[in-house]
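Student: Take a look and give me a structure for this.
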Amino acid sequence: MSRVLVIPDVHLKPWIFDIADRIDKNSYDTIVVLGDLVDDWGKGNALDVYRQTLDRAVEFGQKHSQSLWCYGNHDVSYLWDAIESGYSIQARITVVEGITRLEHVLENRYKFVHRVDNVLFSHAGVTEKFVFQFCGYHVKESDDVLAK
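Tutor: Here you go, the predicted structure:
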């Protein structure tokens, strides 16, 4: 069984990546970042904090080339132009550019769901409605959902 370092919701706290970098690399086999890199209530105008967080995420993703990343609802709300609590209209362009850059760096490691051994990791779970919407049919096997 793999040992996983899980990085929870970041919400504009780039120092979380600094703490993760200080953890002994021999204490885990892989890293999973659970998403919600952006948005923190009351910081909607702090574009420098959005940039710092997204820049640090890109740097961390490059340094940890085997890390796995999950989209969070606050991340995709900008990509899908769907208002979420904490959403910053002022930060929209900054977030879309930052997440697009991160997607490029991570290649195929930025997904809604990842599996490590027999454990599924996602930001907020996967509902049957979500599977039907993205797969177009009802599936019972997690392999089918992950492949799609």
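Student: Which elements pack onto the top helix by length along the chain?
Tutor: The helix that spans the most residues within the chain, counting by DSSP state H, is helix 47-63. On a contact count with 3 or more CB pairs under 8 Å, 6 or more residues apart in numbering; DSSP states H and E, helix 47-63 meets helix 15-22, helix 92-106. In this view, the C-beta of every residue, glycine as well, is placed from N, C-alpha and C.
Student: From the rest of the structure, what touches the longest one?
Tutor: If you take CB atoms under 8 Å, 6 or more residues apart in numbering as the criterion, helix 92-106 is touched by 37-38, 47, 50-51, 53-55, 57-58, 61-62, 67, 69, 75, 78-79, 81, 88, 110.
Student: and His114, that's in a strand?
Tutor: Yes: counting by DSSP: H, G, I helix; E, B strand; the rest coil, His114 is found in a strand.
Student: show me the contacts for the nearest residue to it once chain neighbours are set aside.
Tutor: Closest residue to His114 apart from its sequence neighbours, by CB to CB, 6 or more residues apart in numbering: Leu68 at 4.3 Å. Residues near Leu68 by CB under 8 Å, 6+ apart: 30-33, 109, 111, 114, 116, 121.
Student: give me that answer again for 10 Å
Tutor: Contact analysis of Leu68 by CB atoms under 10 Å, 6 or more residues apart in numbering lists 4, 30-34, 106, 108-111, 113-116, 121.
Student: most neighbours, which of those residues?
Tutor: Counting neighbours by other CB atoms under 10 Å, Val33 leads the contacts of Leu68 with 31 neighbours.
Student: burial count for Arg56?
Tutor: Residues lying near Arg56 (other CB under 10 Å) number 18.
Student: That one contacts Val10, doesn't it?
Tutor: Yes: judged on CB atoms under 10 Å, Arg56 makes contact with Val10 at a distance of 8.9 Å.
Student: Could you pull out the residues contacting both of these two?
Tutor: 16-17, 37.
Student: Which one of those residues sits in the busiest neighbourhood?
Tutor: Tallying neighbours with other CB under 10 Å puts Leu37 at the head of these, with 29 neighbours.
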